[in-house]
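S.K.: Just to be clear, the model below is a prediction. Sequence and coordinates:
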Amino acid sequence: MTAQDTDKLILTLNAGSSSIKFAVYRAADEPAEVLRGLAEKLGGGDGQLHIHRGDDGKRSIPLGAVDHAGAIDHLIAETTREIGAGTIAGVGHRIAHGGTAFDRPTLLTDTTIADLAKLEPLAPLHQPHNLAAIAAARAAFRDVPQIGCFDTAFHRSHPWVNDTFALPRRFYDDGVRRYGFHGLSYDYITGTLPRVAPDIAHGRVVVCHLGNGASMCAIQDGKSVASTMGFSALDGLPMGTRCGQLDPGVILYLLDAKGMTSAEISTLLYKDSGLKGLSGLSNDMRELEASDAPEARQALAYFTFRIRRELGAMAAVLGGIDGLVFCGGIGENSARVRADVCDGMAWLGIALDAQANAANATNIGTGATRVLVIPTDEERVIARAVAAHLH
Ligand code: AMP
């Protein structure tokens, strides 16, 4: 990359169901962060925009009642005020669903955007916001390349048995597949292993991305072979408000015997279940850890039980494991969840150094299997893809 190239700035936009993370990087082979921020509580009456710039501290701006499109307009205006207009040379977008076709970062054109819009029914809570972000950024930065980075792309390497459901074949051909999500996070972790733990970078690794959304990925030689998430971001582990794995018979029962509509079931499974539903208290792990309520303890117990169950399943898929990695807000910060997951896992070569675990250290294992805490960085993965395009 030339010196001129490194004057170019990259904006990344990561639009979730009620928030938008964003960041600005200086273009380079390894992009350098200039600022990052968060627009949160969107869709309610008290939207907030937070911007962190290096050591200059944090600036918070009330947004009031804004939707995603409105928040993006605000964050673009505030960001260009910070860094100067006309300096953004490329924009990268996190896109929840790339279907079967988008298996790598892709230049967004009218044609590719139309193809992504067709995938909206597969990710109804995320894809429309991603497309709104693309439309707003295209309007604000005309003639600037926009690159889509897909949460599903990392998992396109799954073998067929981990890509299909046992439904009649026409459903698979019609796109009813186990796509898997959180791919940008797994991509970041996989890219970090050669530096942090080179001895396992080509080995058998299970990554637990434990945040408000949560999933696990079995990785062999840097490639995804299995994920706990499937067709939608509901499957697998219980999450802050999502149910995780559920017998499909429950849904038939709710429809037929309880007369619930599909909209009511969707709200139940996406917004009222998981840690929030089980505890009746909160979707926030910090609140559950601080609570003495038996329901909070049971919610925590169910969370770690499911992670342990999936860990055993992934070890079987991989034929053993060489490394276990924790990331995401819970994975990076909750010593208790990590300890509960690893308890009694000596049969997998897993043992924890209690002090290192309590300190959220990088290396927390003492057994033959490496156990690591690696802060994930999806924005950086997006910025790298844009930098590669600008190169
Ligand atoms: P994320 O979606 O990756 O931002 O993660 C959000 C989750 O991380 C929430 O459930 C938080 O309660 C949890 N979290 C953040 N910090 C801590 C902490 N120090 N201890 C336990 N959980 C935490």
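M.R.: Happy to help now that I have it. Every value quoted in this text rests on a predicted model; they were computed, and no experiment measured them.
S.K.: Every contact and neighbour count from this point should use C-alpha atoms.
M.R.: Noted.
S.K.: Okay, strands next: where are they in the stretch 101-250 of the chain?
M.R.: If DSSP state E, counting those that start in this stretch is used as the criterion, the strands of the stretch 101-250 of the chain fall at 106-107, 146-150, 204-210, 214-220, 223-227.
S.K.: Make sure I have this right: residue 24 is in a strand.
M.R.: Yes - Residue 24 sits within a strand when classified using DSSP: H, G, I helix; E, B strand; the rest coil.
S.K.: Enumerate every residue touching it.
M.R.: 9, 10, 11, 12, 33, 34, 35, 36 (Cα atoms under 8 Å, 6 or more residues apart in numbering).
S.K.: ok, what's across the strand from it?
M.R.: Beta-bridge pairing for residue 24 (DSSP bridges): residue 11, residue 35.
S.K.: In the stretch 201-350 of the chain, where is pLDDT below threshold?
M.R.: Scanning the stretch 201-350 of the chain for pLDDT under 70 picks out nothing.
S.K.: The ligand contacts on that one?
M.R.: Taking Cα under 6 Å from any ligand atom as the measure of proximity, the stretch 201-350 of the chain contacts the ligand at 211, 212, 213, 284, 285, 286, 328, 329, 330, 333, 334.
S.K.: Now do the phi/psi pair for the third one.
M.R.: The phi/psi pair for residue 213 (degrees, to the nearest 10) reads phi -90, psi 150.
S.K.: ok, now which ones touch it?
M.R.: 239, 240, 242.
S.K.: Specify the local secondary structure of residue 347.
M.R.: On the three-state scheme (three-state DSSP), residue 347 is labelled helix.
S.K.: scratch that, residue 59 is what I was asking about
M.R.: Note that with three-state DSSP, the state of residue 59 is strand.
S.K.: ok, back up a step: between the contacts of residue 213, which sits nearest residue 76?
M.R.: Taking Cα to Cα as the measure, residue 76 sits nearest to residue 240 out of the contacts of residue 213, at 29.2 Å.
S.K.: List the contacts of the nearest residue to that closest one once chain neighbours are set aside.
M.R.: Once its chain neighbours are removed from consideration, residue 240 has its nearest residue in residue 283; the separation is 4.4 Å (Cα to Cα, 6 or more residues apart in numbering). Contact partners of residue 283, counting by Cα under 8 Å, 6+ apart, are 212, 239, 240, 241, 274, 275, 276, 277.
S.K.: Closest one to the ligand out of those, please.
M.R.: For those, the closest approach to the ligand (Cα to the nearest ligand atom) belongs to residue 212, at 3.8 Å.
S.K.: Which residues are in contact with the closest one?
M.R.: With contacts taken as Cα under 8 Å, 6+ apart, residue 212 has the following neighbours: 239, 240, 241, 283, 284, 329.
S.K.: so which two of those residues are the farthest from each other?
M.R.: Put simply, by Cα to Cα the two of the contacts of residue 212 set farthest apart are 241 and 329, 14.9 Å from each other.
S.K.: Please look at residue 384 and residue 30 and confirm they touch.
M.R.: Yes - with contacts counted by Cα atoms under 8 Å, residue 384 reaches residue 30, the gap being 6.7 Å.
S.K.: after the longest helix that the chain contains, next one along is what?
M.R.: In the chain, with assignment by DSSP state H, the single longest helix is helix 294-318. Beyond helix 294-318 on the C-terminal side, the first helix or strand identified by DSSP states H and E is strand 323-327.
S.K.: Which neighbouring elements make contact with that following strand?
M.R.: strand 204-210, strand 370-373 (3 or more Cα pairs under 8 Å, 6 or more residues apart in numbering; DSSP states H and E).
S.K.: Need those strands in JSON lines (columns: distance to residue 260 and mean neighbour count).
M.R.: Supplementary listing: these in JSON lines, determined by distance: least, Cα to Cα, whole Å; neighbours: other Cα atoms under 10 Å:
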{"stretch": "strand 204-210", "distance to residue 260": "30", "mean neighbour count": "26"}
{"stretch": "strand 370-373", "distance to residue 260": "42", "mean neighbour count": "24"}
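S.K.: Can you classify the residue nearest to residue 240 as helix, strand or coil?
M.R.: For residue 283, the secondary structure call by three-state DSSP comes out as coil.
S.K.: Can you get me a residue count around residue 253?
M.R.: Around residue 253 sit 12 other residues, with neighbours defined as other Cα atoms under 10 Å.
S.K.: What does it show for phi and psi?
M.R.: The phi and psi torsions at residue 253 (degrees, to the nearest 10) take the values phi -60, psi -40.
S.K.: any idea how far it is from the ligand?
M.R.: Per Cα to the nearest ligand atom, to the nearest Å, residue 253 is found 30 Å from the ligand.
S.K.: Any figure for the gap between that residue and residue 259?
M.R.: To residue 259, residue 253 is 9 Å away according to Cα to Cα, to the nearest Å.
S.K.: burial of the residue lying closest to residue 159 once chain neighbours are set aside, as a residue count?
M.R.: For residue 159, ignoring the flanking residues on the chain, the nearest one in space by Cα to Cα, 6+ apart is residue 225 at 6.5 Å. Per other Cα under 10 Å, the neighbour tally for residue 225 reads 23.
S.K.: got a list of what residue 225 touches?
M.R.: 155, 157, 158, 159, 162, 217, 218, 219.
S.K.: Just the buried residues of the residues of the stretch 201-350 of the chain next to the ligand.
M.R.: Among those, the ones that count as buried by 16 or more other Cα atoms under 10 Å are 211, 212, 213, 284, 285, 328, 329, 330, 333, 334.
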